[in-house]
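Visitor: starting from these lines, generate the structure:
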Amino acid sequence: MPWDISPVAFTLDIGSFRLPVHWYGLFFASTFVYGMFVFRYIFRREGRPEDEVYDLVLFVIAGTVIGARLGHVLLYNPAFYLTHPWKILAVWEGGLASHGAVVGILAGVWLYSRRATDQSFLWVCDRIGVTVPLSGCLIRIGNFFNSEILGQPADVPWAVIFARVDLLPRHPVQLYEAFCYFAIFLIQFRFYLQQGNSVPTGHLFGRFFILVFGARFVLEFFKEGQAAFETGWTITMGQWLSIPAMLTGLYLVRRIRRRNLSGVSQERTDCRVRHSRLRSAKQVSD
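Guide: Numbers count the residues shown, from 1 in each chain. A predicted model of the protein is given here:
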């Protein structure tokens, strides 16, 4: 299937100035709009002031943009930006790294949680772990419209020819990733609706790391390299960065499971002690 859609959705004419609005920018911006509505629903469901959502969204927007840009600058093309430092601010030319975005979001959430009332860092991260997968889905659709983050050449029936790049049929890996992230969003959101406040703190966040970065690790095998220095690597930079994220998720889930098992064991011990005392008291009375 040939794909030759212009990355520009429309152009705004402001006097003599013309501002092109890109599909990617629309999808990227929409992640914060939908995120605000989802978080308002979550705060309302849990009896928290909805006005606090706006502060959280501002911190998340700043963290996402700064983190994603610095992630790309530092991880994928540091030599270029060290010699052209003024280009670091040129985000309209492209170059945002999802791993950097995650770090930036966490930094924003940490700053927000320090000033928020009765909202710990992990509590907010759990709710972020519900909403962010859908953001990843929308951003990857934006990458598809931009004809970027290309898949490897393929002969599958659904292969796409990105005519703005070359004439090779390729895996539409952006859509693979978008589908996976949307499925993860549905899984996380359904789990949250079922469990509500009974979910142990950190559990949703741990699941987010395992599911999202596990999918990212697998799908990287279908992608072209994102940087020249990756040539000859067994696994890509994206996969290397996904490994510590998955390990973090496993640690969080495992820690909660150990805590729950410890609690169950303690409860059983307490029951045995109470039963023993009752039996002793009965023997004395007899």
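
Visitor: any idea how far residue 173 is from the closest residue to residue 149 other than its chain neighbours?
Guide: Sequence neighbours aside, residue 143 is the residue nearest to residue 149 in space, at 4.7 Å (criterion: C-beta to C-beta, 6 or more residues apart in numbering). No exception for glycine: its C-beta is placed from N, CA and C like everyone else's. The spacing between residue 143 and residue 173, counted by C-beta to C-beta, to the nearest Å, is 9 Å.

Visitor: now residue 231
Guide: 18 Å.

Visitor: related to what we said a few turns ago, hey, what's in contact with both of residue 143 and residue 173?
Guide: Common contact partners of residue 143 and residue 173 (C-beta atoms under 8 Å, 6 or more residues apart in numbering): residue 149.

Visitor: more neighbours, residue 231 and residue 173?
Guide: Taking other C-beta atoms under 10 Å, residue 231 and residue 173 do not tie; residue 173 has more neighbours (23 against 7).

Visitor: now that one: closest residue in space, sequence neighbours ignored.
Guide: That would be residue 151: by C-beta to C-beta, 6+ apart, it lies 3.5 Å from residue 173.

Visitor: isn't the one you found up against residue 172?
Guide: Yes - applying C-beta atoms under 8 Å, one finds residue 151 in contact with residue 172, separated by 6.2 Å.

Visitor: common neighbours of these two, please.
Guide: The contact lists of residue 151 and residue 172 share residue 160, where a contact means C-beta under 8 Å, 6+ apart.

Visitor: where's residue 258, which helix or strand?
Guide: Following DSSP states H and E, the helix or strand that holds residue 258 is helix 237-285.

Visitor: meant to ask about residue 67
Guide: Using DSSP H and E, the element containing residue 67 is helix 52-75.

Visitor: how about that helix: buried residues?
Guide: Of all the residues in helix 52-75, those buried under the rule 16 or more other C-beta atoms under 10 Å are 52-53, 56-57, 59-61, 63-73, 75.

Visitor: with stretch 177-193 instead?
Guide: Buried, per 16+ other C-beta under 10 Å, within stretch 177-193: 177-182, 184-185, 188-189, 192.

Visitor: CA atoms only for that stretch, dumped as PDB, please.
Guide: This file holds the C-alpha atoms of stretch 177-193, laid out as PDB (Å, rounded to 0.1, in the frame of the first residue of the first chain):
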ATOM      1  CA  GLU A 177       3.200   0.000  18.100                       C
ATOM      2  CA  ALA A 178       0.100   2.200  18.200                       C
ATOM      3  CA  PHE A 179      -2.100  -1.000  18.300                       C
ATOM      4  CA  CYS A 180      -0.100  -2.500  21.200                       C
ATOM      5  CA  TYR A 181      -0.200   0.800  23.200                       C
ATOM      6  CA  PHE A 182      -4.000   1.100  22.700                       C
ATOM      7  CA  ALA A 183      -4.500  -2.500  23.900                       C
ATOM      8  CA  ILE A 184      -2.300  -1.800  26.900                       C
ATOM      9  CA  PHE A 185      -4.400   1.300  27.700                       C
ATOM     10  CA  LEU A 186      -7.600  -0.800  27.600                       C
ATOM     11  CA  ILE A 187      -6.000  -3.400  29.800                       C
ATOM     12  CA  GLN A 188      -4.800  -0.800  32.400                       C
ATOM     13  CA  PHE A 189      -8.000   1.200  32.400                       C
ATOM     14  CA  ARG A 190     -10.200  -1.900  32.800                       C
ATOM     15  CA  PHE A 191      -7.900  -3.100  35.700                       C
ATOM     16  CA  TYR A 192      -8.200   0.300  37.300                       C
ATOM     17  CA  LEU A 193     -12.000   0.400  37.000                       C
END
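
Visitor: next one: residue 63 from residue 208, what distance?
Guide: Residue 63 is 16 Å from residue 208, by C-beta to C-beta.

Visitor: check the residue nearest the centre of the chain and give its pLDDT.
Guide: Nearest residue to the geometric centre of the chain (C-alpha atoms, centre = their mean): residue 132, 4.5 Å. Note on residue 132: pLDDT of 90.

Visitor: what's the one helix or strand it maps to packed up against?
Guide: Following DSSP H and E, one finds residue 132 within helix 121-146. Other helices and strands packing on helix 121-146, by 3 or more C-beta pairs under 8 Å, 6 or more residues apart in numbering; DSSP states H and E, are helix 23-45, helix 98-115, helix 173-195, helix 203-219.
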